[in-house]
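Undergrad: dropping the sequence and predicted coords here.
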Amino acid sequence: MNFDKWFNSQSVLLKAILLLIPGVNWVVECLIRLSVMLRTKSVVHIVVFLVFLLVGWGWFLGVIDFVYMLLTGHLILGE
């Protein structure tokens, strides 16, 4: 699964649109975090994926990831 690589290769505008649409942002972030977790098999990425599944549906983490993506071009721990 290389969804994170696909997402990171897109333009900032497309990434911003995907992260601004309610519902779509949660699915996109889940796919990115799952993709990174399966690719790296790192304990940190496994914990981040599980935390995101438990509390990531709220708007707070989505806003943080959106701002971080605008500044760096990728999600927090999503690269």
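TA: All right, it came through fine. Residues are numbered from 1 along each chain as shown.

Undergrad: any idea which element residue 16 lies in?
TA: helix 12-20 (DSSP states H and E).

Undergrad: next: residue 70.
TA: According to DSSP H and E, residue 70 maps onto helix 59-72.

Undergrad: what does residue 36 give?
TA: Taking DSSP H and E as the definition, residue 36 sits inside helix 24-40.

Undergrad: any idea which helix or strand comes after that helix?
TA: helix 43-55.

Undergrad: what score does the most far-flung residue of the chain relative to its centre have for pLDDT?
TA: Largest separation from the mean C-alpha position in the chain: residue 43, at 16.8 Å (CA atoms, centre = their mean). Per-residue pLDDT puts residue 43 at 91.

Undergrad: then residue 32?
TA: pLDDT for residue 32: 88.

Undergrad: and it, what does it touch?
TA: 3, 4, 7, 75, 78 (CB atoms under 8 Å, 6 or more residues apart in numbering). C-beta here means a position set from N, CA and C on the backbone, and glycine is covered the same way.
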